[in-house]
Structures are given as structure tokens and as C-alpha cells.
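**Student:** how does the following fold in three dimensions:
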Amino acid sequence: MSLLDLIKPNPMRKAAHSLYLTAGEQSRLPLFYTDWQVEDSFDGRYDMLLIHVHLLIRRANGEPRPAPRLAQMLFEVMLKDMDQSLRLSGVGDIGIGHRVKKMSHAYYGRATAYDAALDKGDAQALKDALQRNVYRGREVEPATLDRLSAYVVDNWQALEATPFPTLATGTYLFISPAEENS
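**Tutor:** Numbering: from 1, shown residues only. Model (predicted):
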């Protein structure tokens, strides 16, 4: 948040913060780490956060101006949070910039793979991207990969159906993952 935001609050920045918090809460649901075999680590949590944030960014970027500005603000909020998280974990000032840059590159690589799969409606390409990124190539049960892939698609479809003015208020709830163990 900048000094200017204290003087003249920017509703779109406030919406970006709110959406980021929602994505963060959703990405920390225990089911992902207990039942869906996502590694409960910084990397695993980061990958789950990226999925949720990217779906929101993808949605905003699909609209005319000023919607892409919301997407950019959401990305900036994520990077600031990553910077702060690294600082709190003890990474020194010299290493922060390099790590945040690396994390932003990771975001773009994942976003490109997820977008290509979602654009084509290619379920296998999405599963491959999730296997490579979220599970880091680790073997997981095929049913688990199916559930995560379906979860991403379901949430994307719900976001597509959500009017942009609703998102611009910072109000959105992701679809909850199925609470099944099979």
C-alpha cells in the first residue's frame, strides 16, 4: 500500500488485496495437503496459491479495461507478499530480489501451461502441468490428479460465469474441493 492509497484509497487495489486474501485462504485448505497429496511445504503452498491467484488474474485479463489493471494489482500484491514471506523466513536483503524474480518466472511458466490447457479444454495437458508443477513430477494417485484437475476446471468455469463487477468489489468465493478420499 502506498502513501497515496492512504490519502485517496484506490478501490481496485482494495479489491486486489481482498481477492488475494481469498486465494490465500483457499490455497491453505488442509484437504489439498492431507488427501490430495500436495506437499505441505513452502513450494507446495506456493504452487496452490499460484493456481488460485492465476485463475483470478486470468479472469480479469479477459475483460476490457480497466479489468487488466486489477489483474496487475493482484500480481503486485502477490509479489509483495512473497517478498515479505521471504524476509520473515530469514532470507537476507541481498537474496530477496533474486528469489522474488525466480518466483515471478515460476508464475509465468505455470500460467502459460495452465492457460494453454484451459484454452484448449485439454484435460490431459492440465493434468500434465499440475503433475509437473504442483507435484514436482512426484508420482501421485491418478484419481488425485483427476480431482485436482477437475477442481481447477470447475473453479475456472465458475469464475468465467462471475460478472466482472462482482470481482471488482473484491468479493469472490472459490468452489470448495470435494471432500472425498477415494
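**Student:** tell me the helix or strand right after the lowest-mean-pLDDT helix or strand in the chain.
**Tutor:** Counting by mean pLDDT, DSSP states H and E, the weakest-scoring helix or strand in the chain turns out to be helix 3-7, with a mean of 55. Sequence-wise, the next helix or strand downstream of helix 3-7 (DSSP states H and E) is helix 11-27.
**Student:** so which helix or strand takes in residue 69?
**Tutor:** helix 67-88.
**Student:** hey, C-alpha coordinates of that helix in PDB?
**Tutor:** Backbone C-alpha positions of helix 67-88 (Å, rounded to 0.1, in the frame of the first residue of the first chain) are rendered in PDB as follows:
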ATOM      1  CA  ALA A  67     -10.000  -5.100 -15.600                       C
ATOM      2  CA  PRO A  68      -6.400  -5.900 -16.600                       C
ATOM      3  CA  ARG A  69      -5.400  -3.200 -14.000                       C
ATOM      4  CA  LEU A  70      -7.000  -5.400 -11.300                       C
ATOM      5  CA  ALA A  71      -5.000  -8.400 -12.600                       C
ATOM      6  CA  GLN A  72      -1.800  -6.300 -12.400                       C
ATOM      7  CA  MET A  73      -2.600  -5.100  -8.900                       C
ATOM      8  CA  LEU A  74      -3.300  -8.700  -7.800                       C
ATOM      9  CA  PHE A  75       0.000  -9.800  -9.200                       C
ATOM     10  CA  GLU A  76       1.800  -7.000  -7.400                       C
ATOM     11  CA  VAL A  77       0.100  -7.900  -4.100                       C
ATOM     12  CA  MET A  78       1.300 -11.500  -4.500                       C
ATOM     13  CA  LEU A  79       4.900 -10.400  -5.200                       C
ATOM     14  CA  LYS A  80       4.800  -8.100  -2.100                       C
ATOM     15  CA  ASP A  81       3.500 -10.900   0.000                       C
ATOM     16  CA  MET A  82       6.200 -13.200  -1.400                       C
ATOM     17  CA  ASP A  83       8.900 -10.600  -0.500                       C
ATOM     18  CA  GLN A  84       7.500 -10.200   3.000                       C
ATOM     19  CA  SER A  85       7.300 -14.000   3.500                       C
ATOM     20  CA  LEU A  86      10.900 -14.500   2.400                       C
ATOM     21  CA  ARG A  87      12.000 -11.700   4.800                       C
ATOM     22  CA  LEU A  88      10.100 -13.300   7.700                       C
END
